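**Q** sequence unavailable; structure follows:
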RNA sequence: GGCGCAUUGGUGUAGUUGGUUAACACGCAGCCCUCUCAAGGCUGAGACCACGGGUUCGAGCCCCGUAUGCGCUGCCA
């Protein structure tokens, strides 16, 4: 029976790389009929926050990745970890290190470590030269009893190698000489990552560890711990990383909110679309020609064998509103918005309108039919759910903005429109019944009489009715907006001759 | 510095046991459609498969080296 876990550390929001790791774990569990677990790795008390934990849970919920058992908080298992560490000391597999703790500033730490490693390499390091490594049991016990602080380090054997077969990256081995005597327990008694994961994965009977490739080399240390514990390690499958456009690591500090999963929810992504997109980053199904996949299809076609080894670049451009995130993700979201069953889209649109105070209860009741037709009409050219409340605003409210460019191009350009549009309103008011076809007949007849091109009236009407220069077929718009509202808007006093004098964004 | 991992058009990917015009999607350009913008249809540009050697009748696929990128190297996870 397969048991997998997603084990994020709550030191920030859930970012898309972690979200993908969660997705893959979940897909694998569902594909194999296994169990998907969630463990919050909050052993770093300084950096862990409750807000992060919430963001992780919310994110998983949004993506629809339900976990099968109670959430495990790693900090609750600290006593287990300590017991294991002490046990290893008793067995002589680990030792107390009485070296005083050196504080490290978190910022710039990577450079510091690399530099130190370089310096050590230059003078020939021996990872086993810790003076306390071979301290006699008696003295070690005595100093501990006397209250001298100590960390517990694993006593890595002098010679040998660790091996494991990664499902994605294949056979891996690492010489013991490459592995330092890692700290298991801090001098303040806090268990550290490598010990904690091993103990908890064992506790939770995890059979397959699926996680980011940044842990590939850590795995050797964990294998070592499994060995001294005399337990068999789980299977490991490491995932390629998701990189920023410059092929660097995705980070909050450098890249901001584009890397946060909740940003996608908040900016109008359909969860199914984003999930679909994420699944294709670093994995591809056997029938690769199919990219738009339902959840069921993802579940049935998912396999660890389809995971790649090379990192994937996630494109985005914060400065360009049109390409603020990956083009393909945006395309996929649009594809979902225009093709998903209307019944599934409606609730999402409802939430969006509600959050913008555009939702009216009638839309769910007597005007439900109208609402569905309106959504059907406008969804065809939307990219995100946000578009329903921005570009789609005029369909749900009489209080909408006019795009200055649209006003200029479709209204101000031809002064005749000032008289023609109200006249068109008169004509339309007489149309019976009110449909796209009848309004089209009326408009075309009027344009012939007036001796102007239909396009002039059509484009002018579009801007008068929606404030925009682009949108669905105008006659469909007439039908949806309704006869009275259409006529009213055609006559409404847009002061377009004064417009040019006003600041562009004040045009209303 | 050491160790590890990776390397197919701008991006995501496909490329069966090495076999001849390197495929698909997004993006980009153009055309068609058309009341605009999308969608849709068609067409196109864009990759000497990181580079250099080798093995072979033949290599994107195998081997070696180099470069580049990424990861780990912490009493962070």
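**A** That came through, no problem. Quick caveat: nothing in here was measured; it's all calculated off a predicted structure.
**Q** where does the stretch 1-150 of chain A have low pLDDT?
**A** A:106-107, A:124-125 (pLDDT under 70).
**Q** the strands in the stretch 1-150 of chain A, which residues?
**A** Assigned by DSSP state E, counting those that start in this stretch, the stretch 1-150 of chain A shows strands spanning A:3-6, A:35-40, A:72-73, A:94-97.
**Q** equivalent analysis for the stretch 251-400 of chain A, please.
**A** Going by DSSP E, counting those that start in this stretch, the stretch 251-400 of chain A shows strands at A:312-313.
**Q** around RNA strand B, which positions in it sit nearby?
**A** By CB under 7 Å from any atom of the strand, the residues of the stretch 251-400 of chain A that approach RNA strand B are A:280-284, A:286, A:288-289, A:291, A:306, A:308-313, A:315, A:326-328, A:331, A:334, A:338, A:380-381. Bear in mind the C-beta positions are built from the backbone N, C-alpha and C, glycine included.
**Q** quick one: which of those sit in helices?
**A** A:327-328, A:331, A:334, A:338 (DSSP state H).
**Q** narrow those residues to just the buried residues.
**A** For these, a burial check counting by 16 or more other CB atoms under 10 Å picks out residue A:334.
**Q** what about residue A:2, how many residues close to it?
**A** Residue A:2 is flanked by 16 other residues according to other CB atoms under 10 Å.
**Q** mind listing what the closest residue to it other than its chain neighbours touches?
**A** Leaving aside its sequence neighbours, residue A:2 sits nearest to residue A:34 (CB to CB, 6 or more residues apart in numbering; 2.9 Å). Counting by CB atoms under 8 Å, 6 or more residues apart in numbering, residue A:34 makes contact with A:1-4, A:28, A:207.
**Q** please apply the same query to residue A:492.
**A** Contact partners of residue A:492, counting by CB under 8 Å, 6+ apart, are residue A:464.
**Q** please report how far the residue with the largest distance to the centre of chain A lies from RNA strand B.
**A** Centroid-distance maximum for chain A: residue A:449 at 55.8 Å, with CA atoms, centre = their mean. From residue A:449 across to RNA strand B, the span is 17 Å (CB to the nearest atom of the strand, to the nearest Å).
**Q** need the pLDDT of that residue.
**A** Note for residue A:449: predicted pLDDT of 92.
**Q** still on that earlier bit, export the contacts of residue A:34 to CSV and tack on distance to residue A:69?
**A** Formatted as CSV, the contacts of residue A:34 follow (distance: CB to CB, whole Å):
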residue, distance to residue A:69
A:1, 13
A:2, 14
A:3, 9
A:4, 12
A:28, 16
A:207, 14
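**Q** how about stretch A:481-488 and RNA strand B, touching?
**A** No - shown here: stretch A:481-488 not in contact with RNA strand B (CB under 7 Å from any atom of the strand), separated by at least 13.4 Å.
**Q** pLDDT of that stretch, averaged?
**A** What stretch A:481-488 shows for mean pLDDT is 95.
**Q** so how far is it from its chain's centroid?
**A** Mean-position distance between stretch A:481-488 and its chain equals 41 Å (CA atoms, centre = their mean, to the nearest Å).
**Q** flag every buried residue along that stretch.
**A** A:481, A:483, A:485-488.
**Q** make TSV out of those residues and add secondary structure.
**A** Shown next, in TSV, are those (DSSP: H, G, I helix; E, B strand; the rest coil):
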residue	secondary structure
A:481	helix
A:483	helix
A:485	helix
A:486	helix
A:487	helix
A:488	helix
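**Q** surely residue A:274 meets residue A:336?
**A** No - look at residue A:274 against residue A:336 with CB atoms under 8 Å: they stay out of range, at 9.0 Å.
**Q** which residues of the stretch 51-200 of chain A lie near RNA strand B?
**A** Near RNA strand B, when you scan the stretch 51-200 of chain A using CB under 7 Å from any atom of the strand, you find A:97, A:99-102, A:104, A:106, A:109-110, A:113-114, A:116-118, A:120-122, A:149-151, A:169-170, A:172, A:174, A:178, A:180, A:182-183, A:186-188, A:190, A:192-194.
**Q** ok, and the most crowded of the contacts of residue A:34?
**A** Ranking these using other CB under 10 Å puts residue A:4 first, with 26 neighbours.
**Q** quick one on the thing from earlier: going through the residues of the stretch 251-400 of chain A next to RNA strand B, which ones are buried?
**A** Counted by 16+ other CB under 10 Å, these give A:280-283, A:311-313, A:326, A:334 as buried.
**Q** and the gap between residue A:264 and RNA strand B?
**A** Using CB to the nearest atom of the strand, residue A:264 is found at 16 Å from RNA strand B.
**Q** quick one: residues contacting that residue.
**A** Per CB under 8 Å, 6+ apart, neighbours of residue A:264: A:16, A:274, A:325, A:329.
**Q** quick one, phi psi at residue A:166?
**A** The phi and psi torsions at residue A:166 (degrees, to the nearest 10) take the values phi -80, psi 140.
**Q** contacts only, for it.
**A** Per CB under 8 Å, 6+ apart, neighbours of residue A:166: A:172, A:216, A:219, A:236-238.
**Q** contacts for stretch A:470-482 next, please.
**A** Contacts for stretch A:470-482 (CB under 8 Å, 6+ apart): A:370, A:373-374, A:377-378, A:380-381, A:391, A:394-395, A:428, A:434-437, A:439-440, A:443, A:458-459, A:461-462, A:465-466, A:486, A:489.
**Q** near RNA strand B at all, the longest helix along chain A?
**A** Scanning chain A for the helix with the most residues, using DSSP H, yields helix A:16-32. No - contact of helix A:16-32 with RNA strand B is not found when judged by CB under 7 Å from any atom of the strand; the minimum separation is 9.6 Å.
**Q** tell me the angle of that helix relative to strand A:35-40?
**A** 150 degrees (axes from the mean of the first three to the mean of the last three CA atoms, to 10 degrees).
**Q** just the buried residues of helix A:16-32, please?
**A** A:16-32.
**Q** would you point out which residue is most central in chain A?
**A** residue A:261 (2.6 Å).
**Q** quick check: that one touching residue A:20?
**A** No - in this structure, residue A:261 is not within contact of residue A:20 by CB under 8 Å, at 9.5 Å.
**Q** and residue A:368, how many neighbours?
**A** 12.
**Q** next one: residue A:71
**A** 12.
**Q** can you pull the contacts of it?
**A** A:38-40, A:57.
**Q** from residue A:302, how far out is residue A:412?
**A** 56 Å (CB to CB, to the nearest Å).
**Q** which one's more surrounded, those two?
**A** Per other CB under 10 Å, whichever of residue A:412 and residue A:302 has more neighbours is residue A:302, with 23 against 17.
**Q** the more buried one against residue A:28, yeah?
**A** Yes - using CB under 8 Å, residue A:302 is in contact with residue A:28, at 6.3 Å.
**Q** for the residue nearest to residue A:2, give its distance to residue A:299.
**A** 12 Å.
**Q** could you do residue A:443 as well?
**A** 50 Å.
**Q** over to residue A:449?
**A** Distance from residue A:449 to residue A:299, by CB to CB: 61 Å.
**Q** okay, now the closest residue to residue A:310 other than its chain neighbours: neighbour count?
**A** Leaving aside its sequence neighbours, residue A:310 sits nearest to residue A:240 (CB to CB, 6+ apart; 5.7 Å). By other CB under 10 Å, the residues close to residue A:240 number 20.
**Q** also residue A:287?
**A** 9.
**Q** so for it, what's the pLDDT?
**A** 75.
**Q** quick one, what contacts the residue nearest to residue A:386 when sequence neighbours are not counted?
**A** Excluding the flanking residues, the one nearest residue A:386 by CB to CB, 6+ apart is residue A:268, at 3.6 Å. Residue A:268 makes contact with A:333, A:352, A:383-387, according to CB under 8 Å, 6+ apart.
**Q** which one of the residues you listed sits closest to RNA strand B?
**A** Nearest to RNA strand B, judged by CB to the nearest atom of the strand, of those is residue A:383 at 8.0 Å.
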